[in-house]
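Q: Build me a model:
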Amino acid sequence: MKKALIVTGVLVVLALILWASLRDSGPRGTEVEIQAAEIRTVSSRVKATGEITPEKKVQISAKVVGEIINLPVVEGQEVRSGQLLLEIERDLYESARNQARAALRQAEVSVKRQVVQLADAERNMRRTKELIADGLVSQEALDAAQLRLDTATVEIEVQQHAVEQYRSALQRTEDDLARTTIRSPMDGVIIQLNAEQGETVVPGSTNLPGSVIMTVADMSVLLAEVEVSEVDVIHVVLGQEAEVKVDALGTEPQKGRVVEIATSGRKDPAQGTIRFAVKVALDDPDPSLRPAMTAKVDILTATSEDAVTVPVQAVVKRRLDEDGEEVRGSDAKSYDEVDVVYLIEDEKAAVHTVVVGVSDVLHVEITEGLAVGDEVMIGPYRTLKNMKDGDAVKAEEEKSDDTSEEDEGSGGVEVSVD
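A: Presented below is the predicted three-dimensional model:
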């Protein structure tokens with residue numbers, strides 16, 4: 001009897017184990033998180049890094065070669081328009097000016113001499129004509145007088161052209177002499193000084209740049225000049241608001257606006273992408289700002305208020321056929337990718353096509369395809385990447401209030417997926 005009871009107990013335990021095994025053999029899968037669509041304001045921004053630069057700056061270069069004999073300014077000094085910046089040795093250019101002036105005077109004297117010779121040739125021509133009328137001279141005398149007159153006429157024209165040539169030479173030497181004194185072209189600050197008194201400067205040529213002695217800049221208007229990728233630059237337009245942060249100052253971002261967008265791009269050899277220069281003018285520049293400081297710029301390209309939003313990771317790309325069914329494998333190439341999210345319907349993953357709008361780093365606007373409160377799957381990334389329409393899912397209950405703080409901070413509802 002006792003043995004029969006033991007056998008019966010063993011059979012009951014085995015039956016319970018078998019029943020539990022069969023009950024737990026239902027579909028289970030990787031846990032994922034879900035989150036409900038919410039109303040919020042979304043702002044789309046283009047981020048770029050560049051440097052602070054004055055809106056207007058002038059590089060002062062030498063137009064003549066020579067030694068700097070006077071340099072009365074220092075870097076960082078404020079200067080006014082017309083103020084003396086430097087002087088280059090003048091002796092050589094004064095000598096050239098004096099020589100050109102003497103050559104011009106000599107040419108002018110030659111013109112006067114030719115005027116006298118022309119007048120003499122004209123008188124001789126008149127006398128010869130009178131004598132040939134009386135038969136006192138031959139035709140040869142008349143021809144000789146005519147030749148002398150013609151020669152005097154041509155010679156005076158030659159001397160007049162020589163005067164013009166020497167006058168131009170004198171003007172050139174006077175210009176070179178004037179270029180030995182360089183004055184500021186505008187009010188501003190000397191932000192860079194590359195030369196010292198006693199150094200020799202040279203002018204630039206077609207293939208050789210000249211000496212940049214200093215740079216004068218108007219510091220009243222400062223820009224943040226950045227480079228934006230070709231993908232983002234199409235969203236940037238003139239007048240858009242921007243925030244500029246300069247790490248060197250450690251202050252709040254400064255407000256600005258887009259004032260210039262390059263029409264042609266520059267190829268970045270490191271990344272192989274095309275980038276466009278964009279300039280942002282600061283509304284109220286901090287007095288501590290200096291040219292070439294690193295600037296991080298956020299350009300506000302679009303804003304959508306009271307938008308239906310979900311986390312950006314909830315929206316994935318899928319290829320759907322005409323009936324809205326997912327297409328995978330070799331047939332998928334004939335269909336375009338569309339934006340979709342996954343919801344839970346009858347404990348299964350259900351794909352929903354959506355239309356996205358403005359997005360920021362964390363959230364994206366859904367203009368079509370979702371309503372507020374619809375719960376979408378947001379991760380983990382690997383699970384969501386391999387999600388398929390119709391996968392079995394099971395939403396778990398939200399954690400109770402007596403869970404640990406770490407669990408409370410995790411947020412969202414988890415589901416099981418097969």
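Q: Does Ala162 belong to a helix, a strand or coil?
A: Assigned by DSSP: H, G, I helix; E, B strand; the rest coil, the conformation of Ala162 is helix.
Q: what sits against it?
A: Ala162 makes contacts with Ala107, Ser110, Val111, as judged by C-beta atoms under 8 Å, 6 or more residues apart in numbering. (C-beta placed from N, C-alpha, C; glycine too.)
Q: The second one contacts Gln160, correct?
A: So that's Ser110. No. Using C-beta atoms under 8 Å, Ser110 makes no contact with Gln160, being 9.5 Å away.
Q: Name the residues of stretch 270-284 that are buried.
A: Within stretch 270-284, the residues scored as buried using 16 or more other C-beta atoms under 10 Å are Arg275, Phe276, Ala277, Val278, Lys279, Val280, Ala281, Leu282.
Q: Low-confidence stretches in the stretch 151-300 of the chain?
A: 205-209 (pLDDT under 70).
Q: Check which helix or strand Ala144 maps to.
A: Ala144 belongs to helix 139-178 when elements are defined using DSSP states H and E.
Q: Please name the bridge partners of Ile60.
A: Assessed by DSSP bridges, Ile60 has beta-bridge partners Met214.
Q: Then Tyr342?
A: Here Tyr342 sits in beta bridges with Val351, going by DSSP bridges.
Q: what's near enough to touch it?
A: Tyr342 is in contact with Ala314, Val316, Ala349, Ala350, Val351, His352, Val376, Met377, Leu384, Met387, Asp389, counting by C-beta under 8 Å, 6+ apart.
Q: Please repeat the previous calculation with a cut-off of 6 Å.
A: Ala349, Val351, Met377, Met387 (C-beta atoms under 6 Å, 6 or more residues apart in numbering).
Q: Distance-wise, check Gly82 relative to Gly66.
A: From Gly82 across to Gly66, the span is 21 Å (C-beta to C-beta, to the nearest Å).
Q: more neighbours, those two?
A: Gly66 (20 against 10; other C-beta atoms under 10 Å).
Q: which non-adjacent residue is nearest the more buried one?
A: Leaving aside its sequence neighbours, Gly66 sits nearest to Ile88 (C-beta to C-beta, 6 or more residues apart in numbering; 3.9 Å).
Q: What is the neighbour count of the one you found?
A: Neighbour count for Ile88, taken as other C-beta under 10 Å: 24.
Q: What's opposite it in the beta bridge?
A: Applying DSSP bridges, one finds that Ile88 bridges with Ile68.
Q: partners of the very next helix or strand once past the helix holding Ala144 in the sheet?
A: As assigned by DSSP H and E, the chain's next helix or strand after helix 139-178 is strand 181-183. Partner strands for strand 181-183, per DSSP bridges, with pairing direction: strand 84-88 (antiparallel).
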